[in-house]
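Chemist: Next one to model:
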Amino acid sequence: MMATNGREACGLAGDELSVCSNGSNEAFANKSHSHVVNGAATEASSNNSKLQNGGAGKAEGFSFSPKPTIEDIRRMQAEFTDERDWNQFHQPRNLLLAMVGEVGEVAELFQWRGEVAEGLPDWTESEREHLAHELSDVLIYLVELAEKCRVDLPQAVLRKMALNRLKYPASKVQGSAKKYTEYKD
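Modeler: This is a model prediction of the structure:
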């Protein structure tokens with residue numbers, strides 16, 4: 001488990017998620033529109049709030065919160081690391097190994113469960129929260145690794161998605177799980 005204090009590291013202040021970077025507070029969630037519950041974005045409505053991460057709902061109803069951005073996460077983690085003088089330990093190899101360890105912790109949560117339905121309908125709130133923590137650790141290490149390797153992750157994702165579209169044209173691969181080398185022209 002990553003050594004962070006949930007409220008302090010995540011920048012939670014009251015009911016709103018915020019980042020304290022260079023002493024300033026930047027609100028990420030507008031209470032009248034949405035808020036974060038156990039790492040899940042919820043949409044506020046006049047009747048009730050609909051959980052968007054975990055629980056009921058189909059994939060097309062899910063979306064991540066617009067904030068924090070990957071850059072916000074990078075800044076929060078850089079500040080957290082700097083405050084503790086941990087940069088001496090946070091070199092690419094160490095970050096990679098730490099991330100692999102966190103992926104192992106995510107895998108443990110799924111181990112021996114068989115197939116797990118989308119939305120995790122059979123999971124308790126505590127189990128979902130534990131998963132949210134472990135996935136967050138993976139993301140934090142991934143973002144910090146990308147920073148140390150000077151990889152602009154959002155731009156790299158755009159380039160990779162363009163390559164994937166070329167390797168896996170929808171007209172050829174529709175409904176198939178074959179590797180791109182197995183497709184014939």
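
Chemist: neighbours around residue 86, how many?
Modeler: Here the count is done by other Cβ atoms under 10 Å, and residue 86 has 12 residues near it. Glycine gets a C-beta too; all of them are placed from N, C-alpha and C.

Chemist: should've said residue 168
Modeler: 15.

Chemist: Then residue 144?
Modeler: Neighbours of residue 144 (other Cβ under 10 Å): 22.

Chemist: roughly how far apart are residue 105 and residue 98?
Modeler: Counting by Cβ to Cβ, to the nearest Å, the separation of residue 105 from residue 98 is 11 Å.

Chemist: Now tell me which helix or strand of the protein has the poorest mean pLDDT.
Modeler: strand 24-27 (a mean of 39; mean pLDDT, DSSP states H and E).

Chemist: Name the spans of this protein whose pLDDT lies under the cut-off.
Modeler: 1-60, 185 (pLDDT under 70).

Chemist: if you set the cut-off to 50 instead, what comes out?
Modeler: Along the chain, the model assigns pLDDT under 50 to residues 3-53, 56-57.

Chemist: quick one, strands of it?
Modeler: Taking DSSP state E, the strands of the chain run over residues 12-13, 16-21, 24-27, 34-37, 40-44, 49-51.

Chemist: just the helices in the protein please.
Modeler: With DSSP state H, the ranges of helices along the chain come out as 6-10, 70-83, 92-110, 125-148, 153-167, 170-173.

Chemist: Would you mind getting the angle between the second one and helix 125-148?
Modeler: Here helix 70-83 runs at 80 degrees with respect to helix 125-148, directions being taken by axes from the mean of the first three to the mean of the last three Cα atoms, to 10 degrees.

Chemist: So which elements touch helix 70-83?
Modeler: Where contact means 3 or more Cβ pairs under 8 Å, 6 or more residues apart in numbering; DSSP states H and E, helix 70-83 is packed against helix 6-10, strand 16-21, helix 125-148.

Chemist: Which strands or helices does the last one pack on?
Modeler: With contacts defined as 3+ Cβ pairs under 8 Å, 6+ apart, the packing partners of helix 125-148 are helix 70-83, helix 92-110, helix 153-167.

Chemist: Need the winner for burial among those.
Modeler: helix 70-83 (a mean of 16; mean count of other Cβ atoms under 10 Å).

Chemist: CA-only coordinates of that helix in CSV, if you can.
Modeler: The C-alpha coordinates for helix 70-83 follow below in CSV (Å, rounded to 0.1, in the frame of the first residue of the first chain):
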residue,chain,number,x,y,z
ILE,A,70,-3.3,13.9,-14.8
GLU,A,71,-1.2,17.0,-14.5
ASP,A,72,-3.0,17.8,-11.2
ILE,A,73,-2.2,14.3,-9.9
ARG,A,74,1.4,14.8,-11.0
ARG,A,75,1.7,18.1,-9.2
MET,A,76,0.1,16.6,-6.0
GLN,A,77,2.4,13.6,-5.9
ALA,A,78,5.5,15.8,-6.7
GLU,A,79,4.5,18.1,-3.8
PHE,A,80,3.9,15.0,-1.5
THR,A,81,7.3,13.5,-2.5
ASP,A,82,9.2,16.8,-2.1
GLU,A,83,7.7,17.5,1.3
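
Chemist: Much appreciated, bye for now.
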